[in-house]
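Trainee: Predicted coordinates and the sequence they were generated for:
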Amino acid sequence: MITLRSKREIDKMYVAGQLVREAHRQVSQLIKPGVTTAALDQVIDDLFAEAGAIPLFKGVPGKVPFPAATCISVNDEVVHGIPGQRILKEGDIVSVDTGAKLGGWCGDSAWTYAVGQISDQAQKLLDVTERALQIAIELMPEKKRWSQVASQMQAEVESAGFSVITSLVGHGIGTTMHELPQVPNYDSKEFRAKGDFDLRPGIVIAVEPMVAVGRQDLYLHKDGWTLSTKDHSLTAHFEHTLALTSSGVRILTGEDPGS
Ligand code: MG
Ligand code: MG
């Protein structure tokens with residue numbers, strides 16, 4: 001069952017989403033060589049606490065409960081990196097993924113940032129992955145089924161020579177962070193047969209393309225959380241919480257001209 005949200009509910013989700021947007025705005029200003037990933041997490045943790053919001057990632061069950069308000073994943077780490085004493089270096093790319101619940105509603109957004117000057121290939125990876133997300137935003141009001149959007153996102157990534165990481169997908173979002181449907185960043189016969197869904201006004205989904213420069217195969221670190229590419233190729237992750245309405249897409253965690 002996919003829950004459709006009313007305009008009033010989407011307005012409330014926008015408030016939660018804008019707090020997550022503010023978290024990214026603050027963290028983006030701090031990212032530079034020499035800063036630790038723990039310092040980035042602290043800023044977001046403090047912001048959520050001050051706003052009276054619940055950090056959605058903290059305490060998520062696993063081998064150990066996730067200990068932080070953000071997942072911070074560097075270079076070949078795709079997602080679920082645990083913030084700590086790692087110091088960012090010139091040329092790194094750092095993915096910051098965070099979510100908050102405010103007033104009973106959730107927002108979830110990820111962005112990959114450049115640390116100082118990065119390689120041309122790293123920049124191309126950021127551009128292509130962000131464009132895959134942008135394609136989703138543009139096509140959601142036009143297409144009937146999610147698979148039609150996902151196939152265009154996949155084409156964007158693969159035409160650049162990169163790989164879509166298919167073992168991780170986006171999700172419905174509302175009063176909890178992870179709701180139905182699953183929202184893959186690729187199209188397949190199996191998905192069309194089993195998981196595809198109509199793009200109807202009121203649907204709210206977190207769309208989050210994850211892309212590797214090399215092969216998409218991943219391994220789990222001993223910490224029980226961090227996922228990296230087996231070939232250690234660079235990865236990027238861009239995510240917005242998006243609401244489809246009768247007048248278009250509202251970017252709940254971003255700049256939203258529709259609000
Ligand atoms: Mg996220
Ligand atoms: Mg998400």
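Mentor: That came in fine, so what should we check first? Ligands and ions are numbered 1, 2, ... in the order given.
Trainee: Report the contact partners of residue 26.
Mentor: Shown in contact with residue 26 (CB atoms under 8 Å, 6 or more residues apart in numbering): 43, 44, 47. All C-beta spots, glycine's among them, are computed from the backbone N, C-alpha and C.
Trainee: so where's the protein uncertain?
Mentor: Within the chain, the stretches with pLDDT under 70 are 257-259.
Trainee: Tell me the residue in it that is farthest from the middle.
Mentor: Here the chain reaches farthest from its C-alpha mean at residue 193, the gap being 25.4 Å by CA atoms, centre = their mean.
Trainee: can you confirm that residue is in a helix?
Mentor: Yes - looking at residue 193 with DSSP: H, G, I helix; E, B strand; the rest coil, it is inside a helix.
Trainee: and the longest helix belonging to the chain with ligand 2, contact?
Mentor: Using DSSP state H to define each element, the chain has its longest helix at helix 7-30. No - taking CB under 5 Å from the ion as the criterion, helix 7-30 and ligand 2 are apart, separated by no less than 10.6 Å.
Trainee: So is the helix or strand following that helix next to ligand 1?
Mentor: Sequence-wise, the next helix or strand downstream of helix 7-30 (DSSP states H and E) is helix 37-51. No - Helix 37-51 stays clear of ligand 1 (CB under 5 Å from the ion), getting no nearer than 12.3 Å.
Trainee: So is the helix or strand following helix 37-51 next to ligand 1?
Mentor: Of the helices and strands lying after helix 37-51 in sequence (DSSP H and E), the nearest is strand 54-55. No - using CB under 5 Å from the ion, strand 54-55 stays clear of ligand 1, coming no nearer than 12.0 Å.
Trainee: neighbouring strands for the next helix or strand after strand 54-55, and are they parallel or not?
Mentor: As assigned by DSSP H and E, the chain's next helix or strand after strand 54-55 is strand 70-74. Neighbouring strands of strand 70-74 in its sheet, by DSSP bridges, are strand 93-102 (antiparallel).
Trainee: The strand it pairs with near ligand 1 at all?
Mentor: Yes - under the criterion of CB under 5 Å from the ion, ligand 1 is reached by strand 93-102 at residue 97.
Trainee: That strand vs helix 7-30, what angle?
Mentor: Orientation note: strand 93-102 sits at an angle of 140 degrees relative to helix 7-30 (axes from the mean of the first three to the mean of the last three CA atoms, to 10 degrees).
Trainee: packing partners for the helix or strand just after strand 93-102?
Mentor: As assigned by DSSP H and E, the chain's next helix or strand after strand 93-102 is strand 105-114. Secondary-structure packing of strand 105-114 (3 or more CB pairs under 8 Å, 6 or more residues apart in numbering; DSSP states H and E): helix 7-30, strand 93-102, helix 120-139, strand 235-237, strand 240-245.
Trainee: If we use 10 Å, what do you get?
Mentor: The contact analysis (3 or more CB pairs under 10 Å, 6 or more residues apart in numbering; DSSP states H and E) places strand 105-114 against helix 7-30, strand 70-74, strand 93-102, helix 120-139, strand 204-207, strand 210-212, strand 235-237, strand 240-245.
Trainee: For residue 226, which of these is the nearest?
Mentor: Of all the helices and strands packed on strand 105-114, strand 70-74 sits nearest to residue 226, with 6.8 Å by CB to CB.
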